[in-house]
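Visitor: Any chance you could fold what I've pasted below:
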Amino acid sequence: MSEAILLVDDDVRVVSAMQRSLHRLYCIEIAAGAADALDAISQNAYAVVVSDLQMPGMNGVELLARTRDVSPDTVRILLTGQGDMEAAIAAVNEGNVFRFLTKPCPQETLQKTLDAALELHRMQIAERSVLQETLNGTVAILVDVLAAIQPLAFGRAARIRRLVRLLVRELGLADSWEFEAAAMLSQIGCISVNPRVLEAYYAGAELSDPDQRHLLSQAGVGRKLLHRVPRLQAVAQMIERQYQDWPGVNALNGQARHIAMGADLLRGASEFDRLVGAGHTPAQAIAIMRQGQNQYYPDLLVTMERLQEELLHALEHEDPSDEYHTLNAEELIYRPIADEVLRSLRS
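Guide: Numbers count the residues shown, from 1 in each chain. Sure, this is the predicted structure:
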């Protein structure tokens, strides 16, 4: 299905005829109107969607805009009559479509357009793959730097990641990769923290005001390290805000809410890990967290109560599928990189 093309028209005879003429060259599917198309797009990945403009209920421009939201990598093409040129041009200018074709469309023109759309789709997928590999490599190096210079913080980040993974699954949150990346990198700023302060904090000791400020400053250091990495801007903001109170259910929407949710997941998982590590049972840890429950997303502590046993298991047992591991001696080559990072932060 990776290079499948979906043809959409409320007159099924039109798209059926197009399918017959193109089926030897392309993998073609058809949909009789916008509702059928959206149902198909929700279940399958299409490289290209070609939609008629004039359809009852939802026109082609609206359908292709919805397609962009649901499947951003899908290349969108609009079929329109001569009298609908303004709408077609507006759709192109607003970014809803790759190209528009006027009806009746010659077979040769349609094939050239589909070929160009498929090529664009391949390029988008290839670029995303390269970006993802670059992103994964950057995260891996940063994690290795953390492990080399602050092993305690590295172990804590791995536990926080396992907790966040469970909570994200239970809460049904989208874009889980950003929450997990934020968890794994949540302690990256600790490369600038005195190990003595970290040891005291993780053991549950009361910190002096200067030591507390020193510890909390790691969130800003983490943001500084990450905010220029492509696609990690939201992750950087989650990390920066990991010690802040939940701003309120009605205070945020969209991306701001997504970032606040990520920050709150880090806050909740981090505090739970610290309290359990200091000798409290999961129930006791959550009860302590409830004493200031207005600081957390309302459903977070309820979910943690429901998952007490799973959360405890995640803290006590490493995930065998986890790609991160404790560094061996050879991997301490990252120590010079860590020193260079620290020098950069101090300048």
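Visitor: Can you identify the helix in the chain that spans the most residues?
Guide: Taking DSSP state H as the criterion, the chain has its longest helix at helix 107-149.
Visitor: Counting by contacts, list what the helix or strand following that helix packs against.
Guide: Moving toward the C-terminus from helix 107-149, the next helix or strand (DSSP states H and E) is helix 151-171. Counting contacts by 3 or more Cβ pairs under 8 Å, 6 or more residues apart in numbering; DSSP states H and E, helix 151-171 is packed against helix 107-149, helix 176-184, helix 195-202, helix 254-277, helix 298-306, helix 308-316. C-betas here are computed from N, CA, C, even on glycine.
Visitor: Tell me how far the closest residue to residue 121 other than its chain neighbours lies from residue 108.
Guide: In this structure, residue 121 finds its nearest non-sequential neighbour in residue 47, 4.3 Å apart by Cβ to Cβ, 6 or more residues apart in numbering. Distance of residue 47 to residue 108, computed by Cβ to Cβ, to the nearest Å: 20 Å.
Visitor: So between the two, which is more surrounded?
Guide: When residue 47 and residue 108 are compared for neighbours, residue 47 comes out ahead with 24 against 8, by other Cβ atoms under 10 Å.
Visitor: The more buried one and residue 118 touch, don't they?
Guide: Yes: using Cβ atoms under 8 Å, residue 47 is in contact with residue 118, at 5.8 Å.
Visitor: what residues are shared contacts of those two?
Guide: 3, 5, 75 (Cβ atoms under 8 Å, 6 or more residues apart in numbering).
Visitor: which of the residues you listed are buried?
Guide: Buried subset of the shared contacts of residue 47 and residue 118 (neighbour count, 16 or more other Cβ atoms under 10 Å): 5, 75.
Visitor: Low-confidence bits of the stretch 201-347 of the chain, can you list those?
Guide: For the stretch 201-347 of the chain, the stretches with pLDDT under 70 are 249-253, 292-294, 318-347.
Visitor: show me what contacts the residue nearest to residue 121?
Guide: With Cβ under 8 Å, 6+ apart, residue 47 has these contacts: 2, 3, 4, 5, 73, 74, 75, 117, 118, 121.
Visitor: Just give me the closest of those to residue 263.
Guide: Of all the contacts of residue 47, residue 73 has the smallest distance to residue 263: 28.7 Å, by Cβ to Cβ.
Visitor: What is the burial count for residue 42?
Guide: Neighbour tally, residue 42, other Cβ under 10 Å: 9.
Visitor: now swap in residue 309 and tell me
Guide: Using other Cβ under 10 Å, residue 309 is surrounded by 9 other residues.
Visitor: May I have the residues that are in contact with it?
Guide: Counting by Cβ under 8 Å, 6+ apart, residue 309 touches residue 282.
Visitor: now, of the helices and strands packed on helix 151-171, which is deepest in the fold?
Guide: Comparing the helices and strands packed on helix 151-171 by mean neighbour count (mean count of other Cβ atoms under 10 Å), helix 176-184 comes out on top with a mean of 22.
Visitor: ok and that helix relative to helix 254-277, angle-wise?
Guide: Interaxial angle, helix 176-184 versus helix 254-277 (axes from the mean of the first three to the mean of the last three Cα atoms, to 10 degrees): 40 degrees.
Visitor: by contact count, what packs against helix 176-184?
Guide: So helix 176-184, by 3+ Cβ pairs under 8 Å, 6+ apart, packs with helix 107-149, helix 151-171, helix 233-240, helix 254-277.
Visitor: Tell me the helix or strand right after the last one.
Guide: It stands for helix 254-277. In N-to-C order, the element after helix 254-277 by DSSP H and E is helix 282-290.
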